[in-house]
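1. predicted model and sequence follow; I will ask about them next.
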Amino acid sequence: MNEESKSQPVLNPARSGVYCTPPHVEAVRQTVAEAALWVDAGIGAVRSKSELLDAIAEVFGFPPEFGRNWDALADALQDLSWLREAAYVLRLREAARAARALGAEWSTFIEVLSHVALYWQSRETPFVVFVDDISELPPWM
């Protein structure tokens, strides 16, 4: 760990992004408990895009008029005005099962989450996604 990373808070806008869940995720959760909204989404049973969108809508409490498509997901995650938090962490549990079931739709989902993270980063608000069981994503350090 370099001096710069030691002096930065665990959650800061520059670290917004989509990451492989770290082995010490519970320690991260405890560290950011008062500074961020932490949302867990168990997606292991998801077998379709609509089930995935419903799962994300449920854990974030999206408004009933949520459109249940990729653009609507991006819009809702870039709004979150009903939550008004200083930072956001989404943990996707059992993601490998969902990724296998969704095929190409999974890549689109990760792309949407990455764009949302960049959106929040540009607004100086941390937005971090931890994805369980997917080693192709960058590690959280």
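-> Perfect, I can see it now.

2. got the contact list for residue 113?
-> 18, 77, 90, 129 (C-beta atoms under 8 Å, 6 or more residues apart in numbering). Any C-beta I mention is one placed from the backbone N, CA and C, and that applies to glycine too.

3. just flag the most distant two among those residues.
-> Pairwise distances across those (C-beta to C-beta) peak at 11.9 Å, for the pair 18 and 77.

4. among the contacts of residue 113, which lie within strands?
-> Among the contacts of residue 113, the ones falling in strands (DSSP state E) are 18, 90, 129.

5. for those residues, could you give me a markdown table that also reports neighbour count and distance to residue 52?
-> A markdown table is the format used below for those (neighbours: other C-beta atoms under 10 Å; distance: C-beta to C-beta, whole Å):
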| residue | neighbour count | distance to residue 52 |
| --- | --- | --- |
| 18 | 24 | 15 |
| 90 | 22 | 13 |
| 129 | 25 | 13 |
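
6. tell me the one of the residues you listed nearest residue 30?
-> Out of the ones in strands among the contacts of residue 113, the member with the shortest distance to residue 30 (by C-beta to C-beta) is residue 90, at 17.0 Å.
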